[in-house]
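J.: 3D, please:
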Amino acid sequence: MKQLLFTIALATLVFTSSGNAQETEASEPAPTFEGLWETSYGRMRLNLEGANVSGEYSYTAVSKVQGTVEGDRLTFEYSVGEKKGEGWFELAEDGETFAGRWREEGSERWSRWRGTRITPERGVVWLVILEAHWETSIAEEEYAFGDMLRSYFTMASASHVRVRYRTFHDEKDLRRWSREVKFLAEPVTLLISSHGIPEGVTVGEEVIKAEALADCVRGSHNLEVLHLSGCSMMKSDVPATIQRLLGPDQKLPITGYTTAVAWDASALADFVYLSMLLIHRMSPTEAVAQTHILAPFTREDRIPGARFQALGLRSLSADGKSSATEPVDAERVGRRQRPGSGRPGRARQRPDESE
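T.: This next block holds a predicted model:
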């Protein structure tokens, strides 16, 4: 009898252990082509919907790929500007690399194409500054807000913040640099620094409107905040239009100013705001509220006797709620959040411009 009970107990233990092992194995996600890759032709971001794959890679300004997955094989077509072709990738068993071949349309020659998965570095965030040239003549001094920000974020408390600063001359330039955001593995704050008018961002004689700005950030799902630092950007319908054009699949908070901001005032405001956002890890709405506390001239109403006019620093949350009308929980403002929670972007008047 004892032998029978022992046999039953042992069989139950083996069966249970086997079942748990199967559950553990079943819970592990299968290797996928989804994600960011370092490849033979630049970084590539692939998105997977069912068996369909679409993506971009950084070989040129407009390089796209789309195809279907069957097992561990992705069969695709690519386009580089006007040139097109086909190819295939095979995913390694661990899902960390792929290898394949491609050929241009009309060619019989196949070339190799390899990729290695890029894994986000824990705790790291990016501040990408895209700044227009302020100068209109050779006689003017050079102004570069991006240089100041890059130096500011070298402090020890900002060691997790990586800064990239680029200048743009026109809409084509802005599209080019904005497109690079999606090829970063970690969360990104995009700051656009230029003159601003209610119709959009200006560079030279060109006005870059909401439709183009939405195209610039479309598909960059690692972008957590867009900060439009130009004059009066949040007073217009540009931010709401950007969000509407992006649609429900890409939720993007937007921040900026409602008034014509002077260089010194907006520089001070952005230093405080970006510090709250990137160093103290607040959400955009909370970072705006904390900036209002620390730098009262950034509020909606001008303080009597203040030299700076009210800047009207404002946030438009991912669900379209404006900080000007939505109450903020005062007890939560200033509370530290985990790395990876929220972030910003930029534009302003030149130092010689008055309020």
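
J.: in a strand, that's where M282 is, yeah?
T.: No - using DSSP: H, G, I helix; E, B strand; the rest coil, the secondary structure at M282 is coil, not a strand.

J.: If you tally nearby residues, what's the number for it?
T.: 26 (other CB atoms under 10 Å). (C-beta placed from N, C-alpha, C; glycine too.)

J.: okay but it is in contact with I293, surely?
T.: No - M282 is not in contact with I293 according to CB atoms under 8 Å; the separation is 11.7 Å.

J.: Leaving out sequence neighbours, find the closest residue to L313.
T.: T298 (4.1 Å; CB to CB, 6 or more residues apart in numbering).

J.: so what's the backbone phi/psi at the one you found?
T.: The phi and psi values for T298, taken as degrees, to the nearest 10, are phi -90, psi 0.

J.: which residues sit in contact with it?
T.: 269, 272-273, 291-292, 310-313 (CB atoms under 8 Å, 6 or more residues apart in numbering).

J.: most neighbours, which of those?
T.: L313 (31 neighbours).

J.: Next, work out how far apart that one and F271 are.
T.: Distance, L313 to F271, by CB to CB, to the nearest Å: 12 Å.

J.: Ok, V62 next?
T.: 36 Å.

J.: residues near S58, how many?
T.: For S58, the number of neighbouring residues by other CB under 10 Å comes to 16.

J.: Number of residues surrounding the closest residue to it other than its chain neighbours?
T.: Leaving out its chain neighbours, the residue that sits closest to S58 by CB to CB, 6+ apart is G42, at 3.7 Å. Neighbourhood size, G42 [other CB under 10 Å]: 14.

J.: hey, what's G42 bridged with?
T.: Using DSSP bridges, the bridge partners assigned to G42 are T39, S40.

J.: Which pLDDT value goes with it?
T.: In this model, G42 is scored at 94, pLDDT.

J.: how about it, what does it touch?
T.: Applying CB under 8 Å, 6+ apart, we find G42 in contact with 57-59, 63, 183.

J.: residues in contact with Y152?
T.: Y152 neighbours (CB under 8 Å, 6+ apart): 158, 271.

J.: same thing but at 10 Å, please
T.: Residues in contact with Y152, defined by CB atoms under 10 Å, 6 or more residues apart in numbering, are 127, 158, 161, 163, 270-271, 274-275, 279.

J.: Look up how far I197 lies from the residue nearest to A30 when sequence neighbours are not counted.
T.: Distances taken as CB to CB, 6+ apart put G95 closest to A30, at 7.9 Å, once the chain neighbours are dropped. Distance of G95 to I197, computed by CB to CB: 48 Å.

J.: what's the span of stretch 95-113 from first residue to last?
T.: Taking CA to CA, to the nearest Å as the measure, stretch 95-113 stretches 16 Å from start to finish.

J.: Any buried residues in it, and which?
T.: By neighbour count on 16 or more other CB atoms under 10 Å, the buried set for stretch 95-113 is 95, 97-98, 100, 102, 104, 113.

J.: Can you give the distance of it from its chain's centre?
T.: 30 Å (CA atoms, centre = their mean, to the nearest Å).

J.: What of stretch 268-286?
T.: With CA atoms, centre = their mean, you get 16 Å for stretch 268-286.

J.: Make 5 the starting number, not 1.
T.: In the new numbering, first residue 5, that becomes stretch 272-290.

J.: Looking at V66 and F275, which is more packed in?
T.: Using other CB under 10 Å, the more surrounded residue of V66 and F275 is F275, with 17 against 13.

J.: SS state for the more buried one?
T.: Taking three-state DSSP, the label given to F275 is helix.

J.: Setting aside sequence neighbours, what's the nearest residue to A216?
T.: Excluding the flanking residues, the one nearest A216 by CB to CB, 6+ apart is E175, at 5.6 Å.

J.: Is it correct that that neighbour is in contact with E209?
T.: No - using CB atoms under 10 Å, E175 makes no contact with E209, being 11.6 Å away.

J.: could you pull out the strands for the stretch 105-254 of the chain?
T.: Along the stretch 105-254 of the chain, the segments classed as strands by DSSP state E, counting those that start in this stretch run 115-121, 129-136, 165-172, 192-197, 199-201, 204-207, 210-212, 227-232.
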